[in-house]
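Chemist: Quick one, fold the following:
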Amino acid sequence: MRFHKIANVNKALDFIASKGVRLVSIGAEEIVDGNVKMTLGMIWTIILRFAIQDISVDEMTAKDGLLLWCQRKTAPYKNVNVQNFHTNWKDGLAFCALIHRHRPDLLDYSKLSKANPLANLNLAFDIAEKYLDIPRMLDAEDMVDMVRPDEHSIMTYVSCFYHAFQGQNQAESAANRVSKALAGRQGNDDLENEYDRLASDLLGWIQRTTPWLENRVTDNTLPGARKKLDEFRTYRTQHKPPRVGQKGQLETAFNTLQTKLRLNNRPPYMPKEGRMVSDIANAWKNLDNAERGFEDWLLSEMMRLERLDRLAQKFKRKADIHEEWSKGKDELLSRNDYRNATLSEVKALKRKHGAFESDLAVHQERVEQLAAIAEELNKLGYHDSPAINSRCQRICSSWDRLGVLTTQRRQGIDEVEKILERVDTLHLDFAKRVTPFNNWLDGAREDLVDMFIVHSIEATQGLINDHEQFKSTLIEADKEYRLLVGIFQEVQRFAQQHNIPGALENPYSSSSAQEITNKWNEVRQLVPRRDQALQQEMMRQQQNERIRRTFAEKANVVGPWIEKQLDIVSSIGMGVHKSLEEALKKLIACRTAVEAFRPHIDELEQYRQAEQEAIILENKYTKYSMETLRVGWEQLLTSINRNINEVENQVSHLRKHLAC
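Modeler: You can find the predicted model right below:
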């Protein structure tokens, strides 16, 4: 009946509660009614209390203690990393590692593969069921198919391994004692000798092994630590298990001997000093403590060495990259190529150097990282620290030298750029000034050598005034010339002082200081020559003026006289006189006067010749030219002779007429 069922379940629940198990919200009614969730919760609570809660490892209990026990037992095994009770057990390797750790004779772990989880799980479950009396609580296919296997199921199953292996030593010892007691040895002396032999051998082995396990020193290399780990595994799997049997055999021999002695009413056997069972137990306990500490230390040491090895590899990679980057940088920075460069080339080198300085700043962080890694390797006691320190020192020294060379190159480029900019400014200033000055010099030279043609004192005086005005500008021109020469000399001084190739070549002007000097000297030489030429011209014009005045004075006398004589001859020809004889006389008198006046004409011819020699084309002092006077003179002579002939013919004709 339901009532009886509930009463029975309540009795069971009371018993469970008496064992200190708290059943929260679980009642007999739910169990009787088949509440699966409550039933499973109760079962898990019972398992947790009786199978897991009593587990204690290094003061850690229950789940945490069981997890720590699994981690320690599986730590040496490849591809096993137990951090939980679900996903870390899916591939079956953790179960196989627990079995192999305690019973290496049951399976060969090295042949297992992480890629075959189903086979691993079935192998572990079969061995546990067959050889360890652990029932098959889990299904391999479910474990593989589930994304996250049930944590409680795996904890329950793993706790069975814990209890099975923890009780193994006690069971073996008891079995050995019983076996030894049943088999026995006849003769107390033989038993004593056997005990003494076993005790001496076991203690000797413990005394030799314990210092090895207590030795916490490696060669500080990862291969050395791995070798030590391999030796420790050999010790755990090959050396220690026979000694466990020997220890049980020793205890059995001692107990058998004591039993025989007691049955024979003989005093108990007292082993030699230091070979008591308690001595052996203490030595074995010390061995276990050393073993436990050794395993923890070795795993920690391997993690430390693996970290050191990764740090060393990281240092090497960064050092290789930095050394490859810095290769040839010393030579590049030591070049003085900027000293033979033009201003544009120097500016290009400066931009390139600026880019390098930016790159240098980026690499500063890498060098600091290298120094930090080297310092950390030293603190952690890396085995090859001297080589690391030596390489780091070389890199830091090289880096410092790069910094010095970078600064020196920057200063050198800046200094050369400043000098070249000064030279360039001087060249530009020279070019701006030399072009107008050069044009002025060319114009001055042309004016000073220009042929002048003047025909008067006034024109000549105008040229002299213009020349004097030009000479007044020579003072400023001389200042400009000296300024230009000073600019060139400053450039020359910079070029010599700083050994600047090509500094004397002005990129802004094709005119040189020597060219300007030559032209300036030529102008200075032409000025006095021009002075002399103008003075000579003035003297010539003054002489021409005198010639003009002399000719004009004479022409102004001769011209009117010829005109007067022409008028007289003309009046005679017009019959103004009373008789032909009187007219003839007048004409003859005129001819005589004209012939007497000829020296004046000849004198004018001389004056005219002087004008022609002086190239005098005009004469403002007279309206009579020599050509006009010649024509008038010839006209006068012709008119006189013609009138005389006419009058004589008339007289002759009249005389003939009168004679008739």
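Chemist: Could you list the low-pLDDT ranges of the stretch 451-600 of the chain?
Modeler: Residues of the stretch 451-600 of the chain meeting the criterion pLDDT under 70: 573-578.
Chemist: In contact with the residue nearest to R549 when sequence neighbours are not counted, which residues?
Modeler: Leaving aside its sequence neighbours, R549 sits nearest to Y621 (Cβ to Cβ, 6 or more residues apart in numbering; 5.8 Å). Heads up, the C-betas are built off the backbone N, CA and C, glycines and all. Applying Cβ atoms under 8 Å, 6 or more residues apart in numbering to Y621 gives the contacts R548, R549, F551, A552, E553, N556.
Chemist: ranking those residues by neighbours, who comes first?
Modeler: F551 (24 neighbours; other Cβ atoms under 10 Å).
Chemist: Quick check: V244 is in a helix.
Modeler: Yes. Applying DSSP: H, G, I helix; E, B strand; the rest coil, one finds V244 inside a helix.
Chemist: ranges for the strands of the stretch 451-600 of the chain?
Modeler: Counting by DSSP state E, counting those that start in this stretch, the stretch 451-600 of the chain forms no strands at all.
Chemist: scratch that, the chain
Modeler: With strands called from DSSP state E, the chain shows them at 56-57, 60-61.
Chemist: hey, least reliable of those by pLDDT?
Modeler: The minimum mean pLDDT among the strands of the chain belongs to strand 56-57 (a mean of 62).
Chemist: before we move on, back to that, looking at the residue nearest to R549 now. What's its pLDDT?
Modeler: For Y621, pLDDT reads 85.
Chemist: One more: R177?
Modeler: 46.
Chemist: Output the below-cut-off pLDDT ranges for this protein.
Modeler: 1, 3-4, 17-25, 28, 36-38, 40-54, 56-61, 167-187, 573-578, 660.
Chemist: from what I can see R401 touches D330, true?
Modeler: Yes. Taking Cβ atoms under 8 Å as the definition, R401 is a contact partner of D330 at 6.6 Å.
Chemist: who's more crowded, those two?
Modeler: R401 (15 against 12).
Chemist: follow-up on the earlier one: can I get the contacts of Y621 in CSV with distance to Q532?
Modeler: Formatted as CSV, the entries for those read as follows, by distance: Cβ to Cβ, whole Å:
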residue, distance to Q532
R548, 24
R549, 26
F551, 29
A552, 30
E553, 32
N556, 36
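Chemist: Look up how far L377 lies from the residue nearest in space to the middle of the chain.
Modeler: The residue lying closest to the centre of the chain (Cα atoms, centre = their mean) is D359, at 2.0 Å. When Cβ to Cβ, to the nearest Å is applied, the distance between D359 and L377 equals 27 Å.
Chemist: what does stretch 282-289 rub up against?
Modeler: So stretch 282-289 is contacted by L203, I206, Q207, T209, T210, L213, K247 (Cβ under 8 Å, 6+ apart).
Chemist: I misspoke; the intended subject was stretch 137-145.
Modeler: So stretch 137-145 is in contact with 89-90, 92, 117-118, 121-122, 125, 149, 153-154, 156-157, 160, going by Cβ under 8 Å, 6+ apart.
Chemist: what's the answer for stretch 380-388, then?
Modeler: Counting by Cβ under 8 Å, 6+ apart, D219, N220, T221, R304, R307, L308, L311, A312, F315, A374, L377, N378 sit against stretch 380-388.
Chemist: switch to 6 Å and redo it
Modeler: Stretch 380-388 has contacts (Cβ atoms under 6 Å, 6 or more residues apart in numbering) with N220, T221, L308, A374, L377, N378.
Chemist: just the buried members of the residues you listed?
Modeler: N220, L308, A374, L377 (16 or more other Cβ atoms under 10 Å).
Chemist: Tell me which residues touch the first one, please.
Modeler: In this case it means N220. Taking Cβ under 6 Å, 6+ apart, one finds H383 in contact with N220.
Chemist: Would you check how far apart it and H383 are?
Modeler: Counting by Cβ to Cβ - N220 and H383 are separated by 4 Å.
Chemist: repeat for the last one
Modeler: From L377 across to H383, the span is 10 Å (Cβ to Cβ).
Chemist: residue boundaries of the helices in the stretch 51-200 of the chain?
Modeler: 62-74, 93-102, 117-131, 140-145, 151-166, 168-183, 188-214 (DSSP state H, counting those that start in this stretch).
Chemist: Which stretch among these is buried most, on average?
Modeler: Compared across those, helix 93-102 shows the largest average neighbour count, a mean of 23 (mean count of other Cβ atoms under 10 Å).
Chemist: relative orientation of that one and helix 117-131 in degrees?
Modeler: Note on geometry: by axes from the mean of the first three to the mean of the last three Cα atoms, to 10 degrees, helix 93-102 and helix 117-131 are set 40 degrees apart in direction.
Chemist: Let's have the contacts of stretch 137-145 in JSON lines, adding distance to I644.
Modeler: JSON lines is the format used below for these (distance: Cβ to Cβ, whole Å):
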{"residue": "W89", "distance to I644": "174"}
{"residue": "K90", "distance to I644": "170"}
{"residue": "G92", "distance to I644": "175"}
{"residue": "P117", "distance to I644": "171"}
{"residue": "L118", "distance to I644": "174"}
{"residue": "L121", "distance to I644": "177"}
{"residue": "N122", "distance to I644": "180"}
{"residue": "F125", "distance to I644": "183"}
{"residue": "P149", "distance to I644": "174"}
{"residue": "S153", "distance to I644": "180"}
{"residue": "I154", "distance to I644": "177"}
{"residue": "T156", "distance to I644": "184"}
{"residue": "Y157", "distance to I644": "183"}
{"residue": "C160", "distance to I644": "187"}
